[in-house]
Structures are given as C-alpha cells and as structure tokens.
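Asks: Kindly return the folded structure for what I paste below:
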Amino acid sequence: MRIAVIGGGYVGLVSGACFAEIGHHVTIVESVTEKLNILLDGGVPIYEAGLEKLIHSNRKAGRINFCNNIAEGIKDASVVFIAVGTPTRKEDARADTQYVFSAVRDVVENATHSLVIVTKSTVPLGTGQAISEIIQNIKPSAHIDVVSNPEFLREGCAIEDFLKPDRIVIGAENDNARKKMEELYKPITDAGYPLLSVSVKSAELIKYASNAFLAMKVAFINEISDICERSGAVVSDVSKGMGLDNRIGAKFLHAGPGYGGSCFPKDTLALIHIAADYGCDISLVKATVESNDKRKSSMVNRVIEACNGSVKDKKIALLGLTFKAGTDDMRDSPSIPLVEGLVKEGAIVNAYDPEGMSVARSILPEAVNYADTVDEVLHKADAAVIVTEWPEFRRLKPEYFEEKMSSKIVVDFRNIYSKQQFSENGFSYYPIGSASVEYKS
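Replies: Numbering: from 1, shown residues only. Just a heads-up that it's a prediction; the model follows:
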C-alpha cells in the first residue's frame, strides 16, 4: 500500500520508517527545510535507537522517500497520516491543534482521489469530528474517511513498540476505513499482535487516558519514595512488591525526579481541559500534574542539602540532561528546573549528556558549561548528580568518581548505583526513596 505521512518529526519518522519496514511505500512530507535537507542527505534530525539504520535500509530498497510538497506526497497515497505536533498552548495549557487542521486542509485541497485521513498525532476528543467538518466545507463531494490511530511509542524503544505493540487502536466510523487500516497493519496483526477497533472518539480518548494513568503511577511512586526516605523503607523493595501484583504491574513504578518528555506533561494538561469541556472535574489527573511539578522543583533542594546547605561557587556535575535515556528529547525534562535552580543559587553547573546537549543548549541557561565526556564533567567536581539513567553512567564505579572529583558527594536521582559500595568507599551518597548515607571523616 502507498501511504503519506505529513510531518517528519518523531512520530512521523518512526511510523513512516516502520510502515516501510513491513512492506508499504511511504512518502514523508516535511515542510521545515533544515529537517528535510538532513533527511535527503541520508541523516535523521532526531535521535532514536535504530531509526537511522531503518530509514537508510528502506530508502535503499525504494520504500521510503521525502519531499516538502503535499500535492506530490499524497498523489498516489490511499492513506494519509497526520503526524504534526500538538504542543501545549501557553495561554491556556490546551493541546494546540492548529497544525493538525492546517495539514488536513492542505491534504483535502490537494486530494484528487478517495483517501483515508488518519490522525497519528495525539489530538483532543472531538478532533476527528472537526476534521470531517473541514472536509465537508472544502470538498463536500470528496470520498475521504477520517480515522484515529493514536501512537503508543516510548522514546528509546519506539521501533520495537511499533512493530511489536501491546495493541493497535483503530477508531473508524465505517467499514471502508476500518478495512483499509486492517490491511495496512496486517503484517503486524498476522504476527499475533492485537488490533482494537472502536469509534473515533473512543480512540482519541484511549490515548489520553492511557498516558494520564501512567503519569499517575509515576507520581504515586515518587510520593511513596518520600515516605520511604523518612521511614527507613526502601522504595525499590516497595515498588517490586507492588509490581508483582498482576493487577498493578511493575512498569512505571521507578521513583525518580519526576516525569517529563513530549507526552505525559502535555497530555495530562490536555485531558484536564477535555474533561472540563464535558463538565467533568478530573481531580486525580489535576493532583498528578501538581505532584509532578512539585517533584521536579524540589530536586534542586536535594542537591543543596547534599552540599551542606549551599552550592554557591561549587562545581556541580550533571550526568544526563534528557528526560530519559535513549533519546535527545529535552521537553519538560526534570533537568530544566534543576539547572535553573542551581544557577540561581550560584552554582557552577557542568553538564554532560550522550545525546541531548545540542538541544539543551537552546533551552538551558547560558551559564551552563557543557563537557564532551564523563571524565571532563567530573573533573574537580564538588558534587555529581545523576539526572538521566544512561547505560554508560551505570558502569561507573566509586573509585572512578573518587579519582576525578574534588569531593565525594553523589546525588543519584535514578538509583543506578549501590549505596553500600559508595558508602564503603567513603562517599556521601543521596539516593531516591531510601535513607541517605553521609560520610563523616
């Protein structure tokens, strides 16, 4: 099948590359010249494990190409995916759908044959209905169906999530559109992965409800970790005991500095407004947002306390900046309020991230110093803070920190090290969700 994907961002590139991988012919339409040139030159403008290799192999096989013209991109397509951004609007915290509707208008105006328009972007409840109205206003006689097919891609393992999904959700209102989508995903469903067929509105809400529930799990275990720190319990033991219950499950029960990224912060806020539009007060999600905001803003105080009450003129080494490992995504990362707070308190902030520093430079305060290696970021540091759980950080031993740093203070927001090992090597070690160890010389 020939498909078009409007938007060469994270969702569009991963989805397009994976559709090509299962045998479809894909054209990705990207309007940003800088991104398009990178793609045409054989590169990828984002970091996602395995994506560049996947695009390269399918481009070589002639199953994926790129352009900046919607008329060209959709001319042979029977299915058109809308994969443009829906960022949070600053003025009211709602999902901004202007780019979705603009893309739909361009597709409809340039359509010369029957199509299925599919929203892959995360869109508010009722967007599919609004798209149908746009089609009716522009080309009332056109044979264009509207489908919701939300993505459930975790950054860092998005390719596996697409090709081996927990579920594929299809929201359609007629058999033609539904059968088209079933045909599109047949190579995946034939491998045993489930496809759920629902209404358009149900599909739209499934995505928001899923992300809000996972965000609540993260916020919940973070609050439990606070109790652990004050009581002598250990949050990793508590989360393991909870996760062994099949009704709860182990995923998203890892305590840390708060959730970030492109989905949870944006989608929880959007769901609050969606609920309000329908006269509902979704208090659990509101509490989740508040809890997470407090969590992220409190991390700077943990570093200050570890440094005997002041970070002024002290060298603080940050290991990791992105909101999680396996991505270069800095959106709503816990590192942002942490860095801003440290700079405000007069710290000398040195940072290293394997993939995120290029993006970080445009977001974080100018006072931040960026290191090229772990060696460099730890050089004569007064304290080291583990912000992101990158694999290369997990391999570091206490002796390595001791060799590089001026002081033996490690604040571990990701619990990737052994408290006992650091304590035995004379470190003051501050984990999440269990008692700290303060070394007294």
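Asks: all contacts plus neighbour counts: C-alpha atoms, from now on.
Replies: Noted.
Asks: Looking at the record's assignment, how would you partition this protein?
Replies: As recorded under automatic domain parsing, the domains making up the chain are 2-198, 208-290, 297-430.
Asks: May I see those domains arranged in a markdown table, with mean neighbour count and mean pLDDT as well?
Replies: Shown next, in a markdown table, are those (neighbours: other Cα atoms under 10 Å; pLDDT from 0 to 100):
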| stretch | mean neighbour count | mean pLDDT |
| --- | --- | --- |
| domain 2-198 | 19 | 96 |
| domain 208-290 | 18 | 97 |
| domain 297-430 | 19 | 97 |
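Asks: Among those domains, which comes closest to residue 437?
Replies: Set against residue 437 and scored by Cα to Cα, the domains of the chain come closest in domain 297-430, at 5.1 Å.
Asks: Now do that closest one: distance to the chain's middle.
Replies: Chain-centre distance of domain 297-430: 21 Å, with Cα atoms, centre = their mean, to the nearest Å.
Asks: Can you add distance to residue 440 and give the domains of the chain back as JSON lines?
Replies: Formatted as JSON lines, the domains of the chain follow (distance: least, Cα to Cα, whole Å):
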{"stretch": "domain 2-198", "distance to residue 440": "40"}
{"stretch": "domain 208-290", "distance to residue 440": "20"}
{"stretch": "domain 297-430", "distance to residue 440": "8"}
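Asks: out of those domains, which comes closest to residue 438?
Replies: With Cα to Cα as the criterion, residue 438 lies closest to domain 297-430 of these, at 4.3 Å.
Asks: re the thing from before, between the domains of the chain, which one is nearest to residue 436?
Replies: For residue 436, the closest of the domains of the chain is domain 297-430, at 4.7 Å, according to Cα to Cα.
Asks: Tell me, what's the model's pLDDT at residue 441?
Replies: pLDDT, residue 441: 59.
Asks: Going along the chain from the helix or strand residue 128 falls within, find the next helix or strand for me.
Replies: Following DSSP states H and E, the helix or strand that holds residue 128 is helix 127-138. Next in sequence after helix 127-138, counting helices and strands by DSSP H and E, comes strand 144-148.
Asks: What is that following strand packed up against?
Replies: With contacts defined as 3 or more Cα pairs under 8 Å, 6 or more residues apart in numbering; DSSP states H and E, the packing partners of strand 144-148 are strand 115-119, helix 127-138, strand 168-171, helix 175-184, helix 200-231.
Asks: what sits against residue 292?
Replies: By Cα atoms under 8 Å, 6 or more residues apart in numbering, residue 292 lies in contact with 219, 258, 259.
Asks: what are the phi and psi values for the closest residue to residue 207 other than its chain neighbours?
Replies: Of all residues not flanking residue 207 in the chain, residue 150 sits nearest, at 6.2 Å (Cα to Cα, 6 or more residues apart in numbering). Dihedral pair for residue 150: phi -60, psi 150, per degrees, to the nearest 10.
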